[in-house]
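1. Predicted model and sequence below, questions to follow.
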Amino acid sequence: MHPGEVTVPANVDTEQALLGALLLQNGLYARISRLVSEDDFYEDVHQKIFSLIVSAISQGRSASPITIKSYIEDTDLGGMRVSEYLALLVTNTATTGNVEEYAKTIRDLAARRVLITIADRMKSEAYTAGIDVPAVEMAREAMKDIHEAVSSNGEVKQAASIGAIAARVTQITTDRLQGKEQNLPTTGLVDLDKALGGGFRPGRLIVLAARPGAGKTVLLTSTMRQSAAVGWGGLIFSHEIDEEEIGARILADESLDSEIGKIEYQRIMNGWVSAAEGQKIGELHRVVRDYPLRVDCSSGLTMAEIELRTRMEMERMDRAGRPLKVVGIDYLQLIKASGEYRGNKVLELGGIALHAKEMAKRLGICVVMLCQISRGVEGREEKRPTISDLRGSGEIEETADVVGLLYREAYYIEKSPEYQRGEEGSISLYLSRQHDLELILAKNRLGPVRTVNLWADMKFSAIRSASLPV
């Protein structure tokens, strides 16, 4: 190498060592199958050899220099034929005990090459992009690509055999027959857990939609607090309310279950409390401070940025031993569109929902996304929302695993002229309905389409199962 010359990140010796070990002992492939892929190899011939080894092993055949040389062109490799090179890979293999380290090194160097490509692309775009491409948009895309390149810990996702999948399903069935509960993040609401097939299931997108004031944010914060209270990690992205209000809601919700004493969230928020209540708030803080629940109230985020921040929080919470399992987003219409469908609101919202679903699958988490429904429901006599009331409902409905529509009769009673005039019948009806909340599961891939009746107290930002005493 000449002075000042920079070489591409690659280690041909390591690639040779891994290939030689695999050709010598095919069984070693099981130890590195999720750590490295064909594209991670720098040398083209190594990519081809690795591909043939994997193909042979996957078909239950032996992968050796003799069996695979017929499937690769016997070209000249600088004075050596490919067939000779295959034999040399095996004879030069001194040890097979370090295959995992070989694979991780190859994967890391491949990620470095990707970083160089991204950096070159950024440099070119910064020079040539038009005025219609903001610098911040270029940076966001680059951040997403960079994180994808380096955050997989070397693990390569591969297709699972139907036999392995069936074995897992069989084990779940056996566990249920033996009375064992599935280890899923709970919503804290028994009836809702049952309706959702056990709780916040990984890889799923749950959309909770309603008109303003129906209780979307209350349902999100209350269920995630109750889930965190029993150890499940959660992350809330709030584009509508700030950290202090979420904190007040969490404390008030906690107070409803605590022997410390009940305190309404608006009083906590505004500081309208006595000295004794202030002491109670301090005690509530000591209860919730160790919950694995984090909040991000940054505004103007795209889904790419939300996913990037989620990945970062996942790594942080994993290191703390409190894995992230549930992400709540409040709410869909306030997420910044990527620009792909600029000008078409329906497609923009659909694209956001699709990214949320893909994020849930990629990261193995449950994503709960709140969504506003159209004002059309206000102009009709039957106020219960239907799935057609979703703004851009076609795209969102297709993507979501669950669509839950919230209806709170007390909200409409309170707005009625009769209630405003103080009529006794209307006030009596309000008092009898003030804690009723219907969660209409209009779409449910995880269970039956049905209505889950819940108990709600808006003053305490609290939701509970209607079937259980509060």
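-> All right, it came through fine.
2. quick one: the strands in the protein?
-> Residue ranges of the strands in the chain, as given by DSSP state E, are 205-210, 233-238, 293-296, 324-330, 366-372, 402-407, 436-444, 451-457, 462-465.
3. got the contact list for the fifth one?
-> Outside strand 366-372, the residues within contact range by Cβ atoms under 8 Å, 6 or more residues apart in numbering are 185, 200-212, 216-217, 220, 223-224, 325-333, 353, 356-357, 359-360, 390-391, 396, 400. For every residue, glycine as well, the C-beta is placed using N, CA and C.
4. what's the answer for the second one, then?
-> Counting contacts by Cβ under 8 Å, 6+ apart, the residues outside strand 233-238 that touch it are 185, 217, 220-221, 224, 227-228, 246, 292-298, 301, 306, 309-310, 313, 317, 322-330.
5. between that strand and strand 324-330, what angle do the directions make?
-> Put simply, strand 233-238 runs at 10 degrees to strand 324-330, going by axes from the mean of the first three to the mean of the last three Cα atoms, to 10 degrees.
6. what's the average pLDDT for strand 233-238?
-> The average pLDDT within strand 233-238 is 93.
7. Pull the contacting residues for Glu254.
-> The contact partners of Glu254, taken as Cβ under 8 Å, 6+ apart, are Arg225, Ala229, Leu284, Val287, Val288.
8. nearest to Lys383, of these?
-> Closest approach to Lys383 among the contacts of Glu254 (Cβ to Cβ): Arg225, at 28.1 Å.
9. Can you check the pLDDT for Leu431?
-> Looking at Leu431, its pLDDT stands at 87.
10. Likewise for the one 10 residues further on?
-> You'll see Leu441 listed with a pLDDT of 94.
11. Same question for the one 4 residues further on.
-> Looking at Arg445, its pLDDT is 90.
12. Just give the closest residue to it, not the sequence neighbours.
-> Asp401 (4.5 Å; Cβ to Cβ, 6 or more residues apart in numbering).
13. same question, Val230
-> Nearest residue to Val230 in three dimensions, chain neighbours excluded: Thr186, at 6.4 Å (Cβ to Cβ, 6+ apart).
14. right, and that neighbour touches Gly231 too?
-> No: look at Thr186 against Gly231 with Cβ atoms under 8 Å: they stay out of range, at 9.8 Å.
15. Give the residue from those two that has the larger number of neighbours.
-> Each of Thr186 and Gly231 has its neighbours counted (other Cβ atoms under 10 Å); Thr186 has more, 21 against 13.
16. quick one: contacts for Thr93?
-> Applying Cβ under 8 Å, 6+ apart, the residues near Thr93 are Ala17, Gly20, Ala21, Leu23, Leu24.
17. give me the number of residues near the fourth one?
-> Same thing as Leu23. Number of residues near Leu23 (other Cβ under 10 Å) recorded here: 24.
18. Give me the distance between it and Ser62.
-> Here Leu23 is placed at a distance of 10 Å from Ser62 (Cβ to Cβ, to the nearest Å).
19. just Glu240 next, same as before
-> Counting by Cβ to Cβ, the gap from Glu240 to Ser62 is 61 Å.
20. Mind checking which of those two has more residues around it?
-> Neighbour count, other Cβ under 10 Å: between Glu240 and Ser62, Glu240 has more, with 15 against 11.
21. Please enumerate the helices of the stretch 301-450 of the chain.
-> Assigned by DSSP state H, counting those that start in this stretch, the stretch 301-450 of the chain shows helices spanning 303-319, 345-363, 393-399, 409-415, 417-420, 424-433.
22. among those helices, which gets the worst mean confidence?
-> Per-segment mean pLDDT for those reaches its minimum on helix 393-399, at a mean of 74.
23. tell me what that helix is packed against?
-> Secondary-structure packing of helix 393-399 (3 or more Cβ pairs under 8 Å, 6 or more residues apart in numbering; DSSP states H and E): helix 345-363.
24. Between strand 205-210 and the helix it packs on, find me the angle.
-> Calculated by the same axes, to 10 degrees, helix 345-363 forms an angle of 140 degrees with strand 205-210.
25. now for helix 345-363, which elements pack on it?
-> Under the contact criterion of 3+ Cβ pairs under 8 Å, 6+ apart, helix 345-363 touches strand 205-210, helix 303-319, strand 324-330, strand 366-372, helix 393-399.
26. which of the contacts of Thr93 lies closest to Glu73?
-> Of all those, Glu73 sits closest to Leu23, with 17.9 Å by Cβ to Cβ.
27. That closest one reaches Pro65, doesn't it?
-> Yes: between Leu23 and Pro65 a contact is recorded at 6.1 Å, counting by Cβ under 8 Å.
28. Name the residues contacting each of those two.
-> Common neighbours of Leu23 and Pro65 (Cβ under 8 Å, 6+ apart) are Leu86, Leu89, Val90.
29. so who does the nearest residue to the second one once chain neighbours are set aside touch?
-> The reference is to Leu89. Sequence neighbours aside, Gly20 is the residue nearest to Leu89 in space, at 4.0 Å (criterion: Cβ to Cβ, 6+ apart). With contact set as Cβ under 8 Å, 6+ apart, Gly20 has these partners: Leu89, Val90, Asn92, Thr93.
30. Spatially, and excluding backbone neighbours, which residue is closest to the last one.
-> To tie it back to what came earlier, the one meant is Thr93. Gly20 (3.5 Å).
31. burial measure for Leu370, as a count.
-> Using other Cβ under 10 Å, the number of residues around Leu370 comes to 24.
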